[in-house]
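Peer 1: no letters, just coordinates:
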């Protein structure tokens, strides 16, 4: 199992940012998600976030919502998410689960942390879990030996950034803008300032997500962040493909473009 610490140490030694790819479990199919995530790793992704499909995704833009809807229509459950993590972790990439808190709470925090670790997962990203409510989850994660990642945003005060960063153990997720996920024409100018502010409160790596949709944008973000997170743009390649084989080919091609970007 590759830890997040090992990923960022390797990227730092190579004088580059880490590349983090996101894909929901169960999309385009249950087995197709494992195949697509594997293609992302083969193309150069260091870390894979497996999304746990949820019916009320507050932070997700239309592209991820479409993928999540298809995943739920495929009958994807937490057991399928864990099986996806297990399949992706076999590639050697550090594998996380990105999930809203409600499904974890219903499943049971201790049970989820334990089962995720058993599947080879190295941690979670919980976008709607606040530091004030995160105590039980942090404790469960610590006992299971997995990392916790929380989000900061351009609107976060320095006090808030310090509090969020204090809850993180793998890296800090810096949302580049206030809004939902999705590739954009340009990455928010607020992202670089947010990374600088966050680094003043923690020695953990800071990764930027929301809005990256090209190799050029990946290179731009990699110039100031420790990691570049890409989700919607990968999903769009699959949604636009005429069949699953074409989708995998598009994911590989795009992954190579991003991998070259973070190495510029």
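Peer 2: Happy to help now that I have it. This one's a predicted model, so the numbers in the text were calculated from it and none came from an experiment. Numbers count the residues shown, from 1 in each chain.
Peer 1: where do the strands sit along the protein?
Peer 2: Counting by DSSP state E, one finds strands in the chain at the ranges 18-24, 47-51, 94-98, 123-125, 147-149, 151-152, 172-175, 206-209, 227-230.
Peer 1: centre of the chain to the second one, how far?
Peer 2: This means strand 47-51. Put simply, strand 47-51 sits 5 Å off its chain's centre (C-alpha atoms, centre = their mean, to the nearest Å).
Peer 1: what is the neighbour count of the closest residue to residue 175 other than its chain neighbours?
Peer 2: Distance criterion C-beta to C-beta, 6 or more residues apart in numbering; nearest residue to residue 175, sequence neighbours excluded, is residue 153 at 4.6 Å. In short, each C-beta sits where N, CA and C put it, glycine included. When neighbours are defined as other C-beta atoms under 10 Å, residue 153 has 18 of them.
Peer 1: and residue 153, what's its pLDDT?
Peer 2: Per-residue confidence at residue 153 stands at 93 (pLDDT).
Peer 1: how close does it get to residue 111?
Peer 2: Distance of residue 153 to residue 111, given as C-beta to C-beta, to the nearest Å: 30 Å.
Peer 1: kindly report the same for residue 246.
Peer 2: When residue 246 is compared with residue 111 (using C-beta to C-beta), they lie 39 Å apart.
Peer 1: before we move on, what about residue 124?
Peer 2: 13 Å.
Peer 1: next one: residue 72
Peer 2: Distance from residue 72 to residue 111, by C-beta to C-beta: 22 Å.
Peer 1: and these two? which has more neighbours close in?
Peer 2: residue 72 (16 against 13).
Peer 1: which residues touch that one?
Peer 2: If you count contacts by C-beta atoms under 8 Å, 6 or more residues apart in numbering, residue 72 has them with 26, 53, 55.
Peer 1: tell me the contacts of residue 221?
Peer 2: 17, 176, 187, 191, 208, 212, 228.
Peer 1: which pLDDT does the model give it?
Peer 2: 96.
Peer 1: and if you look at residue 60?
Peer 2: Residue 60 is assigned 76 on the pLDDT scale.
Peer 1: and for the one 3 residues further on?
Peer 2: Listed pLDDT for residue 63 reads 91.
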